[in-house]
Structures are given as C-alpha cells and as structure tokens.
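>>> got a predicted structure here, sequence first:
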Amino acid sequence: MIAYASRTGNVRFIVHQLELPHIEIRDDLILNEPFLLFTYTDGLGEVPQIVERFLQHNVRFCKGVIASGNSNFGHAYFCRSAHLINERYGIPIVQKIELRGFQKNYDAIIDYYNRVIQKEI
C-alpha cells in the first residue's frame, strides 16, 4: 500500500502512474499493514500537517518515505520533508522526486515496494 498526500496533484499523478495499491491520507485513516508514505513538501521544506498527524497514528507500519518537491526553492528545502520524517521517525528515504519525476524514479519506487512491502504482506 502507498499512503499519500497531494496538494498540487503531482504526488497523485505519480501514484496513479505506479499502478500499486494506494490510499489518500485523511485525518481518520488508520493502516494496519505495511505501507510506503508519499508526501509533498510544504512551505520551506516542512512536513505537511496532515502527514504529521497521520504518522502519529500510523508510523509503526511505515516502511519508507517518498517526497516530491521543487528544486526552485533551493537545495536546502528540496524534499526536506523526507529528511525530517527520516530524522524524527527513523523511516528510510526511498526517493526524492522533482515535481512529477521521471520513469527512473517510478522504477525505483516499484522496485523498493516489491522488495520491502510485498515480502511483508
């Protein structure tokens, strides 16, 4: 499963390209199975509040984080949400993606999903 949050539509677009099981994060979502977290980067490199609230209840099953960002805001802020989640929760960073990314990003996510998530289901 991929649990995702999308503000501009970039993350949603990528998730649909991956053709893997997915669910959009909402405040009452509780997952009881392994998943990858896919988030955008808010403001100047922050974790979106909806993602932070989601993690407070679901971090136990999170096996990796993917972040989308825009490098126009500077290297220090690019996909910083993934780094913050990694630091706070010890969740491995799977990919950092520029806007809608490229096929190589999608392939890397699918590979990680098959290696890590599929073996736990």
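Here it is on my side, so go on. Residues are numbered from 1 along each chain as shown.
>>> what does stretch 76-91 contact?
Contact with stretch 76-91 is made by 37, 39-42, 44-48, 51, 55, 59, 62-71, 92-93, 96-98, as judged by CB atoms under 8 Å, 6 or more residues apart in numbering. Every residue, glycine included, has its C-beta placed from N, CA and C.
>>> whichever of those residues end up buried, select them in PyMOL.
To isolate the buried members of the contacts of stretch 76-91 in PyMOL, using 16 or more other CB atoms under 10 Å:
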select buried, resi 37+39+40+41+42+45+47+48+51+55+62+63+64+65+66+67+68+69+96+97
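>>> and the helices in this structure?
Listed in chain order, the helices of the chain (DSSP state H) span 10-18, 49-58, 80-89, 103-112.
>>> show me how far the last one is from its chain's centre.
Using CA atoms, centre = their mean, to the nearest Å, the distance from the centre of helix 103-112 to the centre of the chain it belongs to is 13 Å.
>>> how about the first one?
When distances are taken as CA atoms, centre = their mean, helix 10-18 is centred 11 Å away from the chain's centroid.
>>> which strand runs longest in the protein?
Across the chain, the longest stretch assigned as strand under DSSP state E is strand 62-69.
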